[in-house]
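Trainee: Pasted the sequence and its predicted model underneath.
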Amino acid sequence: MSTASRVIVHPDKQAVADAGAARLLTAIIDAQADRAEAQLALTGGSMGSTIITSLVNQPGRDAVDWRRVRVWWGDERYLPTGHPDRNDTQNDDAGLTMLGLDPDKVHRVAGPDTSDSVQDSAEAYAETLREYGLGAFDVVMLGVGPDAHVASLFPHHPAQQISGAIAIPVEDSPKPPPTRVSLTFDALNRSRAVWFLVAGAEKADAVAGALTPDARAWDFPAAGAHGTEASLWLVDQAAASSLEARRD
Ligand SMILES: O=C(O)[C@H](O)[C@@H](O)[C@H](O)[C@H](O)COP(=O)(O)O
């Protein structure tokens with residue numbers, strides 16, 4: 001089942017990150033009340049790091065039992081461990097390592113230093129996901145590109161059309177670096193909640209396009225991701241500007 005999208009507009013990027021971080025704490029606490037662990041998929045890009053820093057600075061952060069949080073990434077850039085352009089390195093540098101997570105529950109995508117190929121890396125990541133409920137995420141967070149890509153699922157890119165997979169290799173990505181591993185729509189859409197975190201005027205057409213009722217994921221990949229319980233867009237005023245113009 002997919003859900004109607006809810007859109008909440010905040011003044012600016014920092015407010016989007018702060019609102020996302022506050023919601024995330026509550027979502028984790030709720031998940032931990034019901035289940036042994038909360039499972040999250042983080043996002044890369046600048047928003048991915050901004051929200052981690054905001055999370056670290058949240059006053060309610062200690063209300064979460066961080067040892068009972070399992071962490072994944074929606075996508076990863078196929079670069080060696082610790083490379084500054086990897087999403088996990090950027091999230092670590094933004095403060096992820098300060099939260100008190102169990103390192104065994106932080107599932108990183110193998111890079112070329114620990115896997116033979118991007119295909120092997122994607123298959124190993126899928127295998128680990130299968131061990132822990134096939135991506136029974138409580139929350140998947142997604143940044144959105146100006147072309148409406150999410151994770152490493154780009155418009156009109158053939159990787160988008162691979163079906164029956166959980167994690168896929170992506171080559172010739174239009175956003176550098178060209179080689180990546182991404183969760184598929186099938187995997188993202190197993191999440192209870194999918195949250196889009198978007199800021200900046202350059203994203204306005206992507207937001208409006210993805211939220212058009214008949215939008216196709218082939219053209220606007222963000223239109224293809226939905227939570228089973230909630231699909232939430234946290235956007236700043238600039239990213240919402242084409243939506244608001246449409247309402248006027
Ligand atoms: O590897 C990546 O680059 C990301 O996972 C990608 O999907 C990102 O989230 C969006 O491009 C938004 O990035 P910004 O928040 O930097 O605009």
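Mentor: Nice, thanks for sending it over.

Trainee: average pLDDT for the longest helix belonging to the chain?
Mentor: Within the chain, and with DSSP state H defining each element, the longest helix by residue count is helix 13-34. For helix 13-34, mean pLDDT rounds to 97.

Trainee: quick one: that helix near the ligand?
Mentor: No. Using CB under 6 Å from any ligand atom, we find that helix 13-34 stays clear of the ligand, coming within 8.8 Å at best. In short, each C-beta sits where N, CA and C put it, glycine included.

Trainee: Enumerate the positions of that helix that are buried.
Mentor: For helix 13-34, burial by neighbour count (16 or more other CB atoms under 10 Å) applies to 13, 15-21, 23-25, 27-28, 31-32.

Trainee: likewise stretch 99-119?
Mentor: So stretch 99-119, judged by 16+ other CB under 10 Å, has buried residues 101, 105-111, 115, 118.

Trainee: What of stretch 123-131?
Mentor: So, applying 16+ other CB under 10 Å, buried residues of stretch 123-131: 123-126, 129.

Trainee: What parts of the protein come near the ligand?
Mentor: 43-48, 75, 77, 87, 143-145, 149-151, 175.

Trainee: how about the residue nearest to Pro112 when sequence neighbours are not counted, secondary structure?
Mentor: Of all residues not flanking Pro112 in the chain, Pro80 sits nearest, at 5.8 Å (CB to CB, 6 or more residues apart in numbering). Secondary structure for Pro80, judged by DSSP: H, G, I helix; E, B strand; the rest coil, is coil.

Trainee: picking that back up, switch the buried residues of stretch 123-131 over to a markdown table; also include distance to Asn57 and pLDDT.
Mentor: Below are the buried residues of stretch 123-131 laid out as a markdown table (distance: CB to CB, whole Å; pLDDT from 0 to 100):
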| residue | distance to Asn57 | pLDDT |
| --- | --- | --- |
| Glu123 | 37 | 97 |
| Ala124 | 34 | 98 |
| Tyr125 | 30 | 98 |
| Ala126 | 34 | 97 |
| Leu129 | 30 | 96 |
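
Trainee: and which of those is nearest Ser182?
Mentor: Nearest to Ser182 among the buried residues of stretch 123-131 is Tyr125, at 9.6 Å by CB to CB.
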